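Prediction below, plus the sequence it came from.
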Amino acid sequence: MKALLVSVIASAVLLALPAAQAADNDMAALEKAARAEGQVNSVGMPDSWANWKGTWNDISNTYGIKHSDTDMSSAQELAKFNAEKENASADIGDVGAAFGPIAVKMGVAQPFKPTHWDQVPAWAKDPAGNWMLAYTGTIAFLIDKQQVKDVPHSWADLKKGKYVVTIGDVGVAAQAANGVLAASYALGGDEKNLKPALDFFADLAKQGRLGVTDPVIANIEKGEIQVAVVWDFNGLNYRDQIDKNRYDVVIPSDGSVISGYSTIINKYAKHPNAAKLAREYIFSDAGQINLARGYARPIRAEHLTLPADVQAKLLPQDEYKNARPIKDQAAWDKTSKALPRLWQENVIINMKQ
């Protein structure tokens with residue numbers, strides 16, 4: 001009975017506010033409504049990724065909201081939202097940057113602008129608030145210093161080396177595809193023109209210096225990988241898990257690509273206010289610091305004072321001076337679809353047997 005009364009009061013408060021995004025400007029009303037819902041179900045936000053465990057624990061402990069997650073890919077998340085519609089079992093998801101605009105086109109997102117909206121760069125959010133990146137990933141090099149004595153700091157350095165450079169399966173992994181785009185930026189190409197990067201990796205292949213195994217922690221730990229092209233948050237995580245003194249993680253100084261992950265609140269969410277409160281928390285100082293604890297670079301990094309132990313998990317800001325976000329997403333969407341074929345025709349064909 002008490003829960004019902006709280007729900008009725010919260011609903012009345014929200015209805016009394018402007019209809020569009022009433023909770024945006026009234027956090028107290030939002031919190032009441034979220035507490036009344038009492039549950040939030042996420043997809044693609046598991047405990048082991050970006051320290052979501054810390055975030056969900058904080059939300060549960062602070063607001064008394066229960067949580068469950070089902071891990072799945074970005075494409076699967078949006079397909080689930082679209083297939084279930086009014087029978088929604090998920091309220092919020094975490095998707096790759098390219099999938100935010102797709103969610104809007106599919107009509108499966110609902111807008112919500114949290115308190116710190118203005119501190120999120122324009123390139124990292126939808127003007128209406130349908131999606132916004134909570135944290136970024138930048139293509140980096142993970143270097144095994146036991147095997148590589150001359151640590152590379154740029155793509156130009158990689159070309160001069162004698163070690164194997166492992167990028168993974170470009171036809172399957174988003175990390176590997178973005179590695180190609182990062183090299184293209186550094187070497188004079190862009191989203192429409194990957195030829196400089198394809199020529200670069202073809203040259204490595206001809207030298208027998210290109211690795212296409214998956215640069216995951218198991219392969220790295222066995223010493224099978226000398227230099228890996230990975231997201232910075234993966235590289236930093238692997239470094240600390242295996243041996244912090246053995247590995248270096250560097251952002252290539254001559255160019256790299258910044259992407260990231262965005263929260264999507266399901267248009268059909270059964271617990272919409274709990275999902276909005278979750279986004280509000282994720283973009284708060286505490287929520288952003290939680291992400292940093294999981295090696296994800298918070299989108300509000302320049303506005304935060306990170307605890308020393310958390311700062312030690314990340315790279316200095318000046319490492320990112322020549323890294324940039326994708327300028328023409330439509331062009332990259334088109335080029336990335338052609339990339340598996342281009343990679344086979346221009347790079348894999350040159351691999352030494």
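Everything's here; your move. Numbers count the residues shown, from 1 in each chain.

For residue 280, see how far away residue 31 is.
9 Å (C-beta to C-beta, to the nearest Å). In this view, the C-beta of every residue, glycine as well, is placed from N, C-alpha and C.

Ignore what I typed, I meant residue 302.
20 Å.

Kindly report the same for residue 141.
36 Å.

Comparing the two, which residue is more hemmed in?
residue 141 (26 against 22; other C-beta atoms under 10 Å).

quick one, helices of the stretch 251-353 of the chain?
272-282, 285-293, 308-311, 329-346 (DSSP state H, counting those that start in this stretch).

The residue nearest to residue 302 when sequence neighbours are not counted - how many residues pack around it?
Nearest-residue entry for residue 302: residue 317, 7.0 Å, with adjacent residues in sequence omitted and distances by C-beta to C-beta, 6 or more residues apart in numbering. Applying other C-beta under 10 Å, we find 10 residues neighbouring residue 317.

Also residue 350?
The burial count for residue 350: 15, using other C-beta under 10 Å.

Hmm, residue 202 and it touching each other?
Yes: if you go by C-beta atoms under 8 Å, residue 350 and residue 202 touch, sitting 4.9 Å apart.

Same question for stretch 294-312: list its buried residues.
294-301, 306, 310 (16 or more other C-beta atoms under 10 Å).

Which strand or helix spans the residue nearest to residue 203 when sequence neighbours are not counted?
Closest residue in space to residue 203, ignoring its immediate chain neighbours: residue 159 at 7.0 Å, by C-beta to C-beta, 6+ apart. Element membership for residue 159 (DSSP states H and E) is helix 155-160.

Within its sheet, name the partner strands of the helix or strand that that helix is followed by and how each one runs.
Of the helices and strands lying after helix 155-160 in sequence (DSSP H and E), the nearest is strand 165-166. As defined by DSSP bridges, the strand partners of strand 165-166 come to strand 210-211 (parallel), strand 227-231 (parallel).

For the top strand by length along the chain, give the mean pLDDT please.
Across the chain, the longest stretch assigned as strand under DSSP state E is strand 131-144. Mean per-residue pLDDT for strand 131-144: 97.

Could you do stretch 239-252 as well?
96.

what does stretch 270-286 give?
98.

Over to stretch 216-229?
Stretch 216-229 shows an average pLDDT of 94 in the prediction.

in the stretch 251-353 of the chain, what spans have low per-residue confidence?
353 (pLDDT under 70).

ok, now with 90
Across the stretch 251-353 of the chain, the ranges flagged by pLDDT under 90 are 329-330, 333, 337, 352-353.
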